[in-house]
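In: what follows is a predicted protein model with its sequence.
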Amino acid sequence: MNISIDKSSILGPISKLVGITEKRSLMPILSNILIEFGTTHTTIYSTDLELSAIGYIEYSTPENKKIVVHGKKFLEILREMDNDEIMLQIDENLLTIKQKQTKIVLSLQDPDEFPEVKKINVDEEFVVDGTALLEMIDKVSFAVSLDETRYILTGMHMRGKDGSITVVGTDGYRMALYEKVLDGVGNFKGITIPKRSLSEIERVIDEGEKVTLSIDEKHVQISTKNIVVVSRVIEGSFPDFENVIPAGNDNVIHFEKELFFKGLKKVSSIIGRSEPVKITLSQGKMEIEAESDIGRAKEVMLVDYGGEEISMNFNVRFVMDVISHINGGAVIMSAPSTYGAVLFREEEGDSYKNIVMPIRV
């Protein structure tokens, strides 16, 4: 079977799907993608069994034909080709790729060995703007845990309630919570989407496009016009995040985001990326300090603060992550008088909250 197809029409979808192919699996078939050429359209499948994707191309052939080809190698070949028509010649277990003076032959696998990839049976479904979904993921994914021993924390928790979606990420030492009001969102119990799935979802979504979120008991499905991503959710009970938000932090300070961020960067230049910085609040000023084997650093900021004098030590990376994700020019920090969680908020609105636990030194 001979197929002539424009490079751009097949390169885009494959580049979005290949990241899902499993590189370390004991099942070599999972390093491949399944391409199904059909009489109405062409479909591309990719899976690692936990995460799957289906891509659609508006390209038809006179007859149906399935091939299974190594995803990453096929993508690399396509990228190096000129922006022009590509000839694909399929002969039993071989795929010959031709363009002008170039000829490359790849071996094909048996399509019957490729795992079944299918859409879910929907329990709950709603439509969200792609920009809003990408924003939700960005606001909390940095706080998601990487520690596999606390598996339930290695994903973003999502819950629908009263016309809004709440997303949460935490590793037990910090927590990011973002709430977004969205039309058409019903109440649904919380689901936890694995961090790796979030990365692939970000890869396939474009800003401004409409995205359909579908949920069943064990899966979440993200559908755009041309691509569907199906991910297993992490089973188990996510921590009661609402009761973690401190309500009695009376030491409140407003400060300029950029000045504080620059101060953190200057002071942290003498320490490692995850070492502590000391922040001291006193009448009219904030002091940021750090110390290591190579020296000491201190930054003083004049601020409008009239509370009691308190000192806290933080993992510098945790604080910098929070500040870099807060919108606007100012940050509100609320701290307790004794050791406890510190709350960081945006000056405008109350939809985005970050909690960081100080380090005991």
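Out: In hand now; what should we look at?
In: so who does Glu135 touch?
Out: For Glu135, the set of contacting residues under the criterion of Cβ atoms under 8 Å, 6 or more residues apart in numbering consists of Tyr178, Lys180. Every residue, glycine included, has its C-beta placed from N, CA and C.
In: next: Ser324.
Out: Residues near Ser324 by Cβ under 8 Å, 6+ apart: Phe261.
In: quick one: buried residues of the one helix or strand it maps to?
Out: For Ser324, the element it lies in under DSSP states H and E is helix 316-325. Of the residues in helix 316-325, Val316, Arg317, Phe318, Val319, Met320, Asp321, Val322, Ile323, His325 count as buried by neighbour count, 16 or more other Cβ atoms under 10 Å.
In: wait, doesn't the fourth one sit right on Val277?
Out: Read it as Val319. Yes - using Cβ atoms under 8 Å, Val319 is in contact with Val277, at 7.2 Å.
In: list residues touching both of the two?
Out: Common neighbours of Val319 and Val277, using Cβ under 8 Å, 6+ apart, are Leu264.
In: which one of the buried residues of helix 316-325 sits closest to Met357?
Out: Met357 lies nearest to Phe318 out of the buried residues of helix 316-325, by Cβ to Cβ, at 8.5 Å.
In: so who does the closest one touch?
Out: Phe318 makes contact with Tyr173, Arg174, Val356 under the criterion Cβ under 8 Å, 6+ apart.
In: and Glu235, how close does it get to Leu108?
Out: If you measure Glu235 against Leu108 using Cβ to Cβ, to the nearest Å, the figure is 36 Å.
In: low-confidence stretches in the stretch 251-361 of the chain?
Out: Within the stretch 251-361 of the chain, the set of residues satisfying pLDDT under 70 is empty.
In: could you pull out the helices for it?
Out: Under the criterion DSSP state H, counting those that start in this stretch, helices of the stretch 251-361 of the chain are mapped to 257-267, 316-325.
In: can you give me the helices for the stretch 1-150 of the chain?
Out: Secondary structure of the stretch 1-150 of the chain (DSSP H, counting those that start in this stretch): helices at 7-17, 71-80, 130-140.
In: can you redo these as CSV with mean pLDDT and distance to Gln101?
Out: Conversion of those to CSV gives the following (pLDDT from 0 to 100; distance: least, Cβ to Cβ, whole Å):
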stretch, mean pLDDT, distance to Gln101
helix 7-17, 93, 16
helix 71-80, 96, 13
helix 130-140, 95, 40
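In: that concludes my questions; thank you for your assistance.
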